[in-house]
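[1] one predicted model, sequence on top.
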Amino acid sequence: MAVAFGCVLLYMLGPAFLSTIEMKSLDLRFLMRGRRDPGNQVVIVAVDEKSIKALGRWQQWSRSTFADLLGKLDAAGARVVAFDLIYSEAEKGLTRQQADELSEVVAGYPELERFVAGSVSGDEVLRGALKGREKTLLPLVPDVPVGTFPREMGPAAAPPEFVEDAAYRLMKGDESEYPYIEASELGYPIRALGEAATSMGHIYAYLDHDGSMRWEAMAVGYDGAYYPPLGLAAAREYLGLKPDDMVLDFGNCVRLGDITIPTDEHGRMLINYCGPERTFSYYSLSDVLDGNFDENTFKDKVVLVGATALGLYDLRVTPFSANMPGVEKHANVIENVLGRNFMAWRESTKIVDMLVMLGIGLVLGLVLPRMGSSYGAAVALLFMLAGWAACYIAFSSYGLWLDMTYPTLTVIFVYVSVTSYSFLAEENKSRDIKRIFSSYVTPKVVDQLTKNPELAKLGGERKEITVMFSDVRGFTTFSESRSPEEVVARLNEYMGAMTDIIFKWDGTVDKFVGDEIMAFWGAPLPQDDQAERAVLCSIEMVKSLRKMQERWASEGKAILDMGIGINTGDMVVGNMGAEGKKMDYTIIGDSVNLGARVEALTRNYEAHIIVTEYTYKKVMDRARPGYQPLTSQDFKELDSVRVKGKERPVTIFKVNV
């Protein structure tokens, strides 16, 4: 859960590079969904390469050209015409009043009359066309400084009245609580055209960190007023609604009649793009002027007039495309409003995202530690795939943008954390096992234990074990008549040789007590042949000692002998001692004591190796021809003895060496 909380904190901080990744994942969802039908309510008349080739350089076009265009569109029955073209400077030429006055002066002189008529400013011609039809819109151009939403603006130059008429008239909520986009300057059409237009809307293009255009600013503030986008203003005109029917609800939405347009806390609408460029119907402006279109092409439609030619630099990056004409962005906004095809994302959506992240942390935190790394990776991958599928379904079916990046990071971080913790825990456990058993067993056994730590139950367990006690005979007398250095040297020589043999037979050396060696088989690794291993080991120990005795004799040294006792039975094995101070991996129990007492009997019966009936039976159970070297011929029954702690006598056997 700590990892999930960390991811939630990172989510709240919102690093720019992760936000960009999430935006790219949104783009991917658009691409996966693909193109959708834009309907037939919006068409685009394009100032394209064909028009420029037909009419000449764009800079030389007279605005009377657009007056002619309006005439064609009006005759074709267009309901709304919105220009995505900026008319911020007056065109040279005579005003209408000047032309009328001069016409009276040159009356009767045809050439002068034609000259005066041709000298009328295109603005005057376009003004007349705008005033001659309803529902024609022009653009406003906000100059928005780069930076965060809350901005301190200097004194703004009050726009003319015809511009203020385009602003929202009805607003709800406290605008001071929500940082909306604010412009430092506002560009608008020249007065002659602005006063003649039905309404206006801004054409500000809001770009994300990566330069892509995913949002439409449903309100841009300037000088205390808030202006709608061109697409929204066009949709209002199309629906025949009054300016008072458009309400700006700060931090919540925009209401257009009975349509509620969801926005985020900054007044932005997530654009639900229909597809890449040219998803909407395009018509070349020159073709429209020439009448090259069907009679129903523009009837009862919103007609957007904008530039698409490459040299006019109005191309934008969107989730679908790297070169969508800006005018088509307005077309998508109008389609979203008229078709009520909205995407939803708000700050409150973050609560859902954070709850999902915490849920992932809780579930995976409980599940992954109980699995191996491979199964854990599969579960983590399944969680990611399920999350991606849920995000896509929410997007494509319900228009909801749920975060995909941070839940994915949560899955990855939780998996890595749990796996790393498990790895470190296993490493520590392996280290403990190696530290505990390295002095007891062979390196081969230690390697098996570190690879399979579950085989070593350090907490203690009861299991069948074969114990062996080996004692040097006459060592007390030997040590009393020798120097300490000689005693230690001889004992180390003997102990080293015997320990090597025990390790050879995969025995566990429990302890050295003076001249006594205690070892056992059957733990920490299970051994089905533990009894015969112990017996074969003891035989080799005796044979090795005889060679050492021959060498000692040739060197004139005192001869040492030994006795070995072996017993098999249930014993408790585990790590025992004082926790945190001194711990030993050892065995305890009545069967251990029996092994020690049997070793003591070797002196009485002049035998090097004595085993109990329990060990003998275990060896004989496996004594099949061709299976192993020990048979009944290798043993000689000695006696039935009553030992301390046993109610009935125990039969003992001598091992022939």
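    Nice, I can see it.
[2] for the stretch 1-150 of the chain, just list every one of the strands.
    42-47, 80-83, 136-143 (DSSP state E, counting those that start in this stretch).
[3] mind checking those for the one nearest to Ala197?
    strand 136-143 (4.4 Å; C-beta to C-beta). Just so you know, the C-beta spots here come from the backbone N, C-alpha and C atoms, and that holds for glycine as well.
[4] what about the longest strand in this structure?
    Secondary structure of the chain per DSSP state E: the longest strand is strand 561-578.
[5] next, the buried residues of the helix or strand following that strand.
    Downstream of strand 561-578, the next assigned helix or strand under DSSP states H and E is strand 582-588. In terms of neighbour count (16 or more other C-beta atoms under 10 Å), strand 582-588 has its buried residues at Tyr585, Thr586, Ile587.
[6] list the buried residues in the helix or strand just after strand 582-588.
    Next along the chain after strand 582-588, taking DSSP H and E as the criterion, comes helix 590-600. For helix 590-600, the neighbour count (16+ other C-beta under 10 Å) marks Ser591, Val592, Asn593, Leu594, Gly595, Ala596, Arg597, Val598, Glu599 as buried.
[7] how does this structure divide into domains?
    1-31+348-437, 34-339, 454-655 (automatic domain parsing).
[8] what mean pLDDT would you report for the shortest one?
    Mean per-residue pLDDT for domain 1-31+348-437: 77.
[9] same deal with the longest one?
    Predicted confidence along domain 34-339 averages 86 (mean pLDDT).
[10] off-centre distance for it?
    Chain-centre distance of domain 34-339: 42 Å, with C-alpha atoms, centre = their mean, to the nearest Å.
[11] ok, now stretch 22-34?
    Here stretch 22-34 shows a centroid-to-chain-centroid distance of 16 Å under the convention C-alpha atoms, centre = their mean.
[12] contacts for that stretch, please.
    Contacting residues not belonging to stretch 22-34 are listed as 208-210, 212, 214, 273, 275, 319-320, 391-392, 395-396, 401, 403-406 [C-beta atoms under 8 Å, 6 or more residues apart in numbering].
[13] let's see which of these end up in helices.
    By the criterion of DSSP state H, membership of these in helices covers Cys391, Tyr392, Phe395, Ser396, Thr405, Tyr406.
[14] now the helices for the stretch 101-250 of the chain?
    Assigned by DSSP state H, counting those that start in this stretch, the helices in the stretch 101-250 of the chain fall at 110-118, 122-131, 161-164, 191-194, 230-239.
[15] with just CA atoms, put the third one into PDB.
    These are the backbone C-alpha positions of helix 161-164, laid out as PDB (Å, rounded to 0.1, in the frame of the first residue of the first chain):
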ATOM      1  CA  GLU A 161     -19.300  47.800 -28.000                       C
ATOM      2  CA  PHE A 162     -19.900  45.400 -30.900                       C
ATOM      3  CA  VAL A 163     -17.200  43.200 -29.400                       C
ATOM      4  CA  GLU A 164     -18.600  43.200 -25.900                       C
END
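[16] what residues of that helix count as buried?
    Neighbour-count burial for helix 161-164, counted by 16+ other C-beta under 10 Å, picks out Phe162, Val163.
[17] pull the residues that contact it.
    Here helix 161-164 makes contact (C-beta under 8 Å, 6+ apart) with Leu140, Leu186, Tyr188, Arg191, Gly194, Glu195, Ala197, Met200, Ala225.
[18] repeat for the fourth one
    With C-beta under 8 Å, 6+ apart as the test, helix 191-194 has contacts from 87, 90, 123-124, 126-127, 130, 138, 160, 162-163, 188, 200.
[19] related to what we said a few turns ago, could I get the buried residues of helix 590-600 as JSON lines with distance to Gly376?
    Output for those, formatted as JSON lines (distance: C-beta to C-beta, whole Å):
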{"residue": "Ser591", "distance to Gly376": "42"}
{"residue": "Val592", "distance to Gly376": "42"}
{"residue": "Asn593", "distance to Gly376": "47"}
{"residue": "Leu594", "distance to Gly376": "47"}
{"residue": "Gly595", "distance to Gly376": "45"}
{"residue": "Ala596", "distance to Gly376": "48"}
{"residue": "Arg597", "distance to Gly376": "52"}
{"residue": "Val598", "distance to Gly376": "51"}
{"residue": "Glu599", "distance to Gly376": "50"}
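[20] pick the one among those residues closest to Gln60.
    The shortest approach to Gln60 among these belongs to Val592, at 110.5 Å (C-beta to C-beta).
[21] that closest one and Gly569: what is the separation?
    As judged by C-beta to C-beta, to the nearest Å, Val592 and Gly569 stand 8 Å apart.
[22] for Asp634, same thing?
    21 Å.
[23] cool, Lys618 as well?
    10 Å.
[24] looking at the two, which one has more neighbours?
    Neighbour count, other C-beta atoms under 10 Å: between Lys618 and Gly569, Lys618 has more, with 23 against 18.
[25] quick check, pLDDT for that one.
    90.
[26] can you pull the contacts of Lys172?
    Val247, Leu248, Asp249, Phe250, Asn252.
[27] if any of the contacts of helix 161-164 are buried, put those into a PyMOL selection.
    To isolate the buried ones among the contacts of helix 161-164 in PyMOL, judged by 16+ other C-beta under 10 Å, type:
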select buried, resi 140+186+188+194+195+197+200+225
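[28] pretty sure Gly71 contacts Gly128?
    No. Here Gly71 lies out of contact with Gly128, judged by C-beta atoms under 8 Å, at a distance of 10.1 Å.
[29] residues touching Val141, list them.
    Val141 touches Ile86, Ser88, Leu186, Gly187, Tyr188, His202, Ile203, Tyr204, counting by C-beta under 8 Å, 6+ apart.
[30] take those residues and lay them out in JSON lines including distance to Gly240.
    Shown next, in JSON lines, are the contacts of Val141 (distance: C-beta to C-beta, whole Å):
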{"residue": "Ile86", "distance to Gly240": "27"}
{"residue": "Ser88", "distance to Gly240": "29"}
{"residue": "Leu186", "distance to Gly240": "27"}
{"residue": "Gly187", "distance to Gly240": "28"}
{"residue": "Tyr188", "distance to Gly240": "25"}
{"residue": "His202", "distance to Gly240": "22"}
{"residue": "Ile203", "distance to Gly240": "23"}
{"residue": "Tyr204", "distance to Gly240": "26"}
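[31] spatially, which two of the residues you listed are the most separated?
    Spanning the widest gap among those are Ser88 and Tyr204, at 14.8 Å by C-beta to C-beta.
[32] who's more crowded, these two?
    Ranked by neighbour count (other C-beta under 10 Å), Ser88 and Tyr204 place Tyr204 first, with 20 against 12.
[33] my guess is that one contacts Ala219. True?
    No. Using C-beta under 8 Å, Tyr204 makes no contact with Ala219, being 10.2 Å away.
[34] what touches both of the two?
    Common contacts of Tyr204 and Ala219 (C-beta under 8 Å, 6+ apart): Ile181.
[35] tell me which residues form a beta bridge with the closest residue to Pro159 other than its chain neighbours?
    Spatially, and ignoring its direct neighbours in sequence, Pro159 is nearest to Leu186 (5.6 Å; C-beta to C-beta, 6 or more residues apart in numbering). Leu186 forms beta bridges with Pro142, as assigned by DSSP bridges.
[36] returning to that earlier point: what's the most buried one of the strands of the stretch 1-150 of the chain?
    When the strands of the stretch 1-150 of the chain are scored by mean count of other C-beta atoms under 10 Å, the highest mean neighbour count falls to strand 80-83 (a mean of 29).
[37] helices and strands around that one, which ones?
    Counting contacts by 3 or more C-beta pairs under 8 Å, 6 or more residues apart in numbering; DSSP states H and E, strand 80-83 packs against helix 64-75, strand 136-143, helix 230-239, strand 302-307.
[38] 6 Å instead?
    Under the contact criterion of 3 or more C-beta pairs under 6 Å, 6 or more residues apart in numbering; DSSP states H and E, strand 80-83 touches strand 136-143, helix 230-239, strand 302-307.
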